[in-house]
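K.L.:
Pasting the sequence and the predicted model now:
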Number of protein chains: 2
Amino acid sequence: MELWYTEEHSDNVRFSIRVDKQLYSGKSEFQRIDILYSNEFGTFLTLDSLMMLTEKDEFIYHDMIVHVPMAVNPAIKKVLVIGGGDGGTVRELARYKTIEQIDLVEIDEMVVEACRKYLPTTTCSLDDERVNIYYEDGLRFVRHIENEYDLIIVDSTDSFGPGESLFTKAFYGNCYKALKEDGILVNQHESPYYAAYANSFKRAHSRIVEFFPITKVYEAHIPTYPSGYWMFGFASKKYDPVEDLKADEWNALKLETGYYNTDLHRNCFSLPNYVKRILEDSDE
Amino acid sequence: MELWYTEEHSDNVRFSIRVDKQLYSGKSEFQRIDILYSNEFGTFLTLDSLMMLTEKDEFIYHDMIVHVPMAVNPAIKKVLVIGGGDGGTVRELARYKTIEQIDLVEIDEMVVEACRKYLPTTTCSLDDERVNIYYEDGLRFVRHIENEYDLIIVDSTDSFGPGESLFTKAFYGNCYKALKEDGILVNQHESPYYAAYANSFKRAHSRIVEFFPITKVYEAHIPTYPSGYWMFGFASKKYDPVEDLKADEWNALKLETGYYNTDLHRNCFSLPNYVKRILEDSDE
């Protein structure tokens, strides 16, 4: 039998993966959750039919969303992760012995439960004693917090659907307030290539710059995401992501990584002209 | 009607583009040539059903294959382009007034003729008076040349099919001989992500290092190529692609580019760990 998962990257572009087996399908209060197995990518998770992660390349996303801020401020002790119910971001954070507390706020408990069962390679640190899981709306959670976290990571779905509120001014303003005076906010920042994603990318950036004095965007190649070219936002009260990189300190930790290294860290902030132009437009 | 062009990026992965119209289809002595129009990507060219270029993102490939070597040695005067019958590489080279001669060696005249008709945005400089077109096999052309070119650009198809001989030791050895004492060879270098391409990538690199004292690999994001993550090889007798970058000189030319800039130049040589490991394996 030929069984194919297909995602529409735009009305005119489709990306299809041959599926060996559907492992799980469920419908939560918030979204449809599917976990499938492919010979090419291993087990992969989709939400509302959109690709979230595959075993083959999730290391790229999780390396870049975690190690970039951690190498800028290795003294980070208290971290808030919003979204990220698959556990991959928590797994990478938990490798830092110096981190004391990781609060994970995931709106959808069914995502965590399904991933625990079928994606143990990403959920493996959710039971770490430093991790607290809250099944709540991220915007509501962060609203009443002040001066509490060193780092907030927004590991959200796209800017439509359940993740929508995590791309609003209200959310970014509350994140600013919830961060300490040298706090860092990192978020998945969509993609600059296909028009719908490029609009989300531009809008997210223009909203964040209203709150944070330092806002930069960095890139990674994630082949299973639309266009394969993905962006992250680095917003910060104090640290510049390149000038304040603590390369020697980070390298002394001897963490093995599949994608991230400190040379690449310096360089992933140098963007192509067409991407810079989108950001300049959004600054106006 | 639904009309879709589909490319298999591996046995398990398909990339599909909605086609508005098929503009041309021909069969030459060497390959099948198709030119189609898509609302998303504009006009695009396939050879033996594999994506060669689209109007939407060809600027990325052509920026990176031309401006990287030109910014390392702005004194380049005589250039050999092997492959590249679509004319995009010649177009970017022709923007440098200091280049005196561009020899284009394309095996398949039908590709050039079809592109002249349907892709004038890439062929627009093929009639520049500095350009000589030879419809010949690249390996045969380069075999009898010594100490002639400042730059050779291998703008080939993949390492299977008509482009196969352009990935052999015999070819790289002859390119070395055909270059002057400060000559540079740049080639499209496949991709590190899907296994078949990663093998070509590794093999190409291991063959080039046998001839050139300086061999580095650099990256670009080209969403319509398999995995969206593409590599170029920079092999050189004298110049290091990063240390010898003439950023000020290049910026003084005030060439407008959609992708390339001199910050990105420094940084596209910093590769992810998984790619570095493939290259290290191939050095053994």
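P.N.:
Perfect, I can see it now.
K.L.:
Check the offset of the helix or strand where residue A:177 lies from the chain's centre.
P.N.:
Per DSSP states H and E, residue A:177 falls inside helix A:169-178. Remark: helix A:169-178 is offset 17 Å from the chain centroid, using C-alpha atoms, centre = their mean, to the nearest Å.
K.L.:
Over to stretch A:211-227?
P.N.:
Per C-alpha atoms, centre = their mean, the displacement of stretch A:211-227 from the mean C-alpha position of its chain is 9 Å.
K.L.:
Can you point out the buried residues in that stretch?
P.N.:
For stretch A:211-227, burial by neighbour count (16 or more other C-beta atoms under 10 Å in any protein chain shown) applies to A:211-212, A:214-227. For the C-beta atoms, the positions are set from N, CA and C on the backbone; glycine is no exception.
K.L.:
same question, stretch A:169-177
P.N.:
For stretch A:169-177, a neighbour-count test (16+ other C-beta under 10 Å) marks A:171, A:172, A:173, A:174, A:175, A:176, A:177 as buried.
K.L.:
Count the neighbours of the closest residue to chain B within the stretch 51-200 of chain A for me.
P.N.:
Closest contact between the stretch 51-200 of chain A and chain B, by C-beta to the nearest C-beta, is at residue A:193 (5.3 Å). When neighbours are counted by other C-beta atoms under 10 Å in any protein chain shown, residue A:193 registers 25.
K.L.:
And residue A:74, by the same measure?
P.N.:
Neighbourhood size, residue A:74 [other C-beta under 10 Å]: 15.
K.L.:
And the one 4 residues further on, by the same measure?
P.N.:
As a burial measure, the neighbour count of residue A:78 was computed by other C-beta under 10 Å and equals 17.
K.L.:
contacting residues for the closest residue to it other than its chain neighbours?
P.N.:
Excluding the flanking residues, the one nearest residue A:78 by C-beta to C-beta, 6 or more residues apart in numbering or on different chains is residue A:101, at 4.7 Å. For residue A:101, the contact set (C-beta atoms under 8 Å, 6 or more residues apart in numbering or on different chains) comprises A:77, A:78, A:79, A:130, A:132.
K.L.:
Could you rerun that using 10 Å?
P.N.:
A:77, A:78, A:79, A:80, A:130, A:131, A:132, A:148, A:149, A:150 (C-beta atoms under 10 Å, 6 or more residues apart in numbering or on different chains).
K.L.:
Provide the secondary structure category for the residue lying closest to residue A:263 once chain neighbours are set aside.
P.N.:
Spatial nearest neighbour of residue A:263, excluding adjacent residues (C-beta to C-beta, 6+ apart): residue B:270 at 4.2 Å. Assigned by DSSP: H, G, I helix; E, B strand; the rest coil, the conformation of residue B:270 is coil.
K.L.:
Residue B:270 and residue B:243, how far apart?
P.N.:
Here residue B:270 is placed at a distance of 14 Å from residue B:243 (C-beta to C-beta, to the nearest Å).
K.L.:
who's more crowded, those two?
P.N.:
Using other C-beta under 10 Å as the criterion, residue B:270 and residue B:243 rank with residue B:270 on top: 19 against 9.
K.L.:
isn't that one right up against residue A:219?
P.N.:
No: taking C-beta atoms under 10 Å as the definition, residue B:270 is not a contact partner of residue A:219, at 11.8 Å.
K.L.:
and the residue of the stretch 101-250 of chain A at minimum distance from chain B, what does it touch?
P.N.:
Closest residue of the stretch 101-250 of chain A to chain B, C-beta to the nearest C-beta: residue A:228 (2.4 Å). Counting by C-beta under 10 Å, 6+ apart, residue A:228 touches A:9, A:15, A:57, A:191, A:193, A:220-222, B:15, B:193, B:221-230.
K.L.:
Same question for residue A:234.
P.N.:
Residue A:234 neighbours (C-beta under 10 Å, 6+ apart): A:68-69, A:72, A:184-187, A:189, A:208, A:212, A:214-218, A:240-242, A:268-269.
K.L.:
Can you point out the helix or strand that includes it?
P.N.:
Following DSSP H and E, one finds residue A:234 within strand A:229-236.
K.L.:
who in the stretch 101-250 of chain A is up against chain B?
P.N.:
Applying C-beta under 10 Å from any C-beta of the partner chain, we find that the stretch 101-250 of chain A lies next to chain B at A:191-195, A:219-230.
K.L.:
Flag the helix or strand of chain A with the lowest per-element mean pLDDT.
P.N.:
Least confident helix or strand, chain A: helix A:273-283 with a mean of 89, by mean pLDDT, DSSP states H and E.
K.L.:
Can you list the helices and strands that that one packs against?
P.N.:
Helix A:273-283 sits against helix A:195-208, strand A:214-221, strand A:229-236, helix B:58-72, helix B:262-267, with contacts defined as 3 or more C-beta pairs under 10 Å, 6 or more residues apart in numbering or on different chains; DSSP states H and E.
K.L.:
Adding distance to residue A:22 and mean pLDDT, write those out as JSON lines.
P.N.:
Output for the helices and strands packed on helix A:273-283, formatted as JSON lines (distance: least, C-beta to C-beta, whole Å; pLDDT from 0 to 100):
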{"stretch": "helix A:195-208", "distance to residue A:22": "27", "mean pLDDT": "92"}
{"stretch": "strand A:214-221", "distance to residue A:22": "28", "mean pLDDT": "97"}
{"stretch": "strand A:229-236", "distance to residue A:22": "26", "mean pLDDT": "97"}
{"stretch": "helix B:58-72", "distance to residue A:22": "36", "mean pLDDT": "98"}
{"stretch": "helix B:262-267", "distance to residue A:22": "41", "mean pLDDT": "96"}
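K.L.:
can you redo these as CSV with distance to residue B:114?
P.N.:
Formatted as CSV, the helices and strands packed on helix A:273-283 follow (distance: least, C-beta to C-beta, whole Å):
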stretch, distance to residue B:114
helix A:195-208, 29
strand A:214-221, 31
strand A:229-236, 29
helix B:58-72, 15
helix B:262-267, 32
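K.L.:
who wins for proximity to residue B:247 among the ones you listed?
P.N.:
Evaluated over those, closeness to residue B:247 peaks at helix B:262-267, with 4.0 Å, by C-beta to C-beta.
K.L.:
that older thread, check contacts around the residue of the stretch 51-200 of chain A closest to chain B.
P.N.:
Residue A:193 sits next to A:9-10, A:13, A:201, A:226-231, A:274-275, B:56-57, B:221, B:223-224, B:228 when contact means C-beta under 10 Å, 6+ apart.
K.L.:
Kindly report the same for residue A:195.
P.N.:
Contact partners of residue A:195, counting by C-beta under 10 Å, 6+ apart, are A:10, A:11, B:40.
K.L.:
go on, residue A:131?
P.N.:
A:79, A:81, A:87, A:90-91, A:93-94, A:99, A:101-104, A:125.
K.L.:
Could you measure from residue A:12 over to residue A:217?
P.N.:
Taken as C-beta to C-beta, the span from residue A:12 to residue A:217 is 26 Å.
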